[in-house]
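Trainee: Sequence unavailable; structure follows:
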């Protein structure tokens, strides 16, 4: 149960003369206090002016307050604290603190409580900027940490460090200044390391200043922009005054300075969409919307608030990655929480907003502001075949997956060892798998670990291609692709897997590889396989197509050489459901040392021909023409309708 805020004592301030004496004696300390508590968004120059104004207005409040009624019983003091606890100083300090906290409130709240907005709209000295002296790296780091705190938490930190107040005194001062929950402010201030001695640095001394002129060219630009804005305002006012109401009041834009409820909801951990564990069983859709919310930190509002805030406004120290053409902007509303928990050495939060999966990760045993990562992946249009798993952690060449609730069994299969049975992969109760070696980390393509996901009716083969969503691997013609199963499919993928780095980190949704032709080789050298491998992306464009030539090999299936890339194309419809045809050729050397141009087309081709360095033609869709070393030939083919098509390129 949250403790109630402490009620400040009802003691009134002492007389005005004692307040004036306290202000004069401790003026630098009071101004430093106001400078540190004021919102950092004001900028250093305006904070200096506002801090001095707060100190001077505190004296005006003291004069209006009237005579004293006693100072109350003093609270315990911390060792080494500065003796500035007299009733006059305490009253003036409270007025400065109240004004500094009020300056961080929205303007409409300040006006409602009758507090004048600070700092003044216009600077006190035109054309002059006043700044405290710059400190070192430690002061800069402390300034950044204080900027990340809310106003009450910043005030609690400063009262502890600058005024050496005990926590009970800090709570009383905050309550007297109008803070609704002083306990929460102290807890938030606990998250900042306590180099309190730095608060006495010249970096935070608004009484020791350096004066500089403003950026004169920028001021001229601002003046010209102000004149243009004034002219536009006059024109708009004229149009609004036209008969018929001008533009009217029913336009789509919100009033100026209006708050955006959707944007605020998107940053509120309490508004996150949470899905129950059994919802997927009755859900009309089988995709990421049916995933339950899992993890041991789903109630950690601090972690979730940091994740949402970094998502909306990632800082310069956040490592951000995104699949191609994936928007990296803030959520458009409250997203769905898929997972929040500790995985390996990181605390991870995984979200889904209908278009993207977003992963936030921060180190578990270090400052969250150091080493945070934010990853985006586009997953719109996901279905049961492509929403079986997500990468929840990738570190040190190892990868862990979070599996869908309908996945009953997870196994690991080495694509380069098709005759080897898959091995089971353990999962936690939350659906997080043990770490397995990422294919990229295997080095030299000596192995390629893919995961098999079984839902009781089908087994789907997925592989990590460096993104949040693993890619599904399939076999068969583009019109009827199927999951990889059987000796033939596994054997062809054993010679294709090492070509997958060519489509890595391109937002790949699925990769289909199928044998479109088998060609007897000249001189009785056996039969070669022609394969087309097509990688489809989540965005629908940017697909990559590879035509392979796999020469016969007497080696065991797991040690045969990878296929040779005969042709490649990007963003091409070839070898896909809209255009299933493909034509490619290679220059091949026989065991007898003679060279040939070999070519093969899919079943749509009726004849093939070469020109250029090598001339030849054939009826049918297979061609073998003698050639010389280094010869180049142009290849095309004729379709059944009489049209001619060039080779894949």
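Mentor: Arrived safely. What you see is a predicted model; the values in this text were computed from it and never measured.
Trainee: Which parts of the stretch 151-300 of the chain are strands?
Mentor: 209-212 (DSSP state E, counting those that start in this stretch).
Trainee: could you pull out the helices for it?
Mentor: Here the stretch 151-300 of the chain has its helices, by DSSP state H, counting those that start in this stretch, at 151-161, 167-176, 182-189, 216-240, 261-266, 279-282.
Trainee: Of those, which shows the lowest average pLDDT?
Mentor: Per-stretch mean pLDDT for those is lowest at helix 216-240 (a mean of 66).
Trainee: per-domain residue ranges of this protein.
Mentor: 16-212, 264-382 (automatic domain parsing).
Trainee: Format these as a markdown table; extra columns: distance to residue 388.
Mentor: (C-beta placed from N, C-alpha, C; glycine too.) Formatted as a markdown table, the domains of the chain follow (distance: least, CB to CB, whole Å):
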| stretch | distance to residue 388 |
| --- | --- |
| domain 16-212 | 38 |
| domain 264-382 | 10 |
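Trainee: of all those domains, which lies closest to residue 407?
Mentor: For residue 407, the closest of the domains of the chain is domain 264-382, at 10.8 Å, according to CB to CB.
Trainee: so what's the residue nearest to residue 645 when sequence neighbours are not counted up against?
Mentor: Leaving aside its sequence neighbours, residue 645 sits nearest to residue 637 (CB to CB, 6 or more residues apart in numbering; 5.7 Å). Shown in contact with residue 637 (CB atoms under 8 Å, 6 or more residues apart in numbering): 583, 601, 605, 606, 607, 608, 609, 621, 644, 645, 647.
Trainee: List only those of those flagged as buried.
Mentor: 583, 601, 605, 607, 608, 609, 621, 645, 647 (16 or more other CB atoms under 10 Å).
Trainee: Name the residue closest to the centre of this structure, please.
Mentor: Among the residues of the chain, the one closest to the centroid is residue 374, at 3.1 Å (CA atoms, centre = their mean).
Trainee: tell me how far the helix or strand encompassing it is from the chain's mean position?
Mentor: Using DSSP states H and E, residue 374 maps to strand 373-378. Strand 373-378 sits 5 Å away from the centroid of its parent chain (CA atoms, centre = their mean, to the nearest Å).
Trainee: what's the first-to-last distance across stretch 390-407?
Mentor: Using CA to CA, to the nearest Å, one end of stretch 390-407 lies 12 Å from the other.
Trainee: do stretch 430-440 as well
Mentor: End residues of stretch 430-440 are separated by 26 Å (CA to CA).
Trainee: List the buried residues in that stretch.
Mentor: Those would be 430, 431, 432, 433, 435, 436, 437, 438, 439, 440, for stretch 430-440 by 16+ other CB under 10 Å.
Trainee: Which members of those are positioned in strands?
Mentor: 436, 437 (DSSP state E).
Trainee: In a markdown table, list the buried residues of stretch 430-440 along with pLDDT and distance to residue 140.
Mentor: A markdown table is the format used below for the buried residues of stretch 430-440 (pLDDT from 0 to 100; distance: CB to CB, whole Å):
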| residue | pLDDT | distance to residue 140 |
| --- | --- | --- |
| 430 | 95 | 40 |
| 431 | 96 | 43 |
| 432 | 97 | 39 |
| 433 | 97 | 42 |
| 435 | 95 | 38 |
| 436 | 94 | 42 |
| 437 | 92 | 41 |
| 438 | 89 | 37 |
| 439 | 86 | 42 |
| 440 | 74 | 38 |
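Trainee: Check the gap between residue 385 and residue 99 for me.
Mentor: 61 Å (CB to CB, to the nearest Å).
Trainee: more neighbours, the two?
Mentor: residue 99 (24 against 18; other CB atoms under 10 Å).
Trainee: what about the more buried one, which helix or strand?
Mentor: helix 87-103.
Trainee: related to what we said a few turns ago, out of the helices of the stretch 151-300 of the chain, deepest packed?
Mentor: Highest mean neighbour count of the helices of the stretch 151-300 of the chain: helix 151-161, a mean of 24 (counted as mean count of other CB atoms under 10 Å).
Trainee: show me what contacts the nearest residue to residue 451 once chain neighbours are set aside?
Mentor: Excluding its sequence neighbours, the residue lying closest to residue 451 (CB to CB, 6+ apart) is residue 462, at 5.2 Å. Contact partners of residue 462, counting by CB under 8 Å, 6+ apart, are 388, 389, 450, 451, 452, 453, 470, 471, 472, 473.
Trainee: Contact partners for residue 567?
Mentor: By CB under 8 Å, 6+ apart, the neighbours of residue 567 are 546, 547, 584, 585, 647, 648, 649.
Trainee: cool, and residue 430?
Mentor: Here residue 430 is in contact with 294, 295, 296, 339, 341, 402 (criterion: CB under 8 Å, 6+ apart).
Trainee: switch to 10 Å and redo it
Mentor: 292, 294, 295, 296, 298, 339, 341, 343, 392, 402, 403 (CB atoms under 10 Å, 6 or more residues apart in numbering).
Trainee: For it, give its distance to residue 346.
Mentor: Distance of residue 430 to residue 346, computed by CB to CB: 15 Å.
Trainee: for residue 519, same thing?
Mentor: Computed as CB to CB, the residue 519 to residue 346 distance reads 50 Å.
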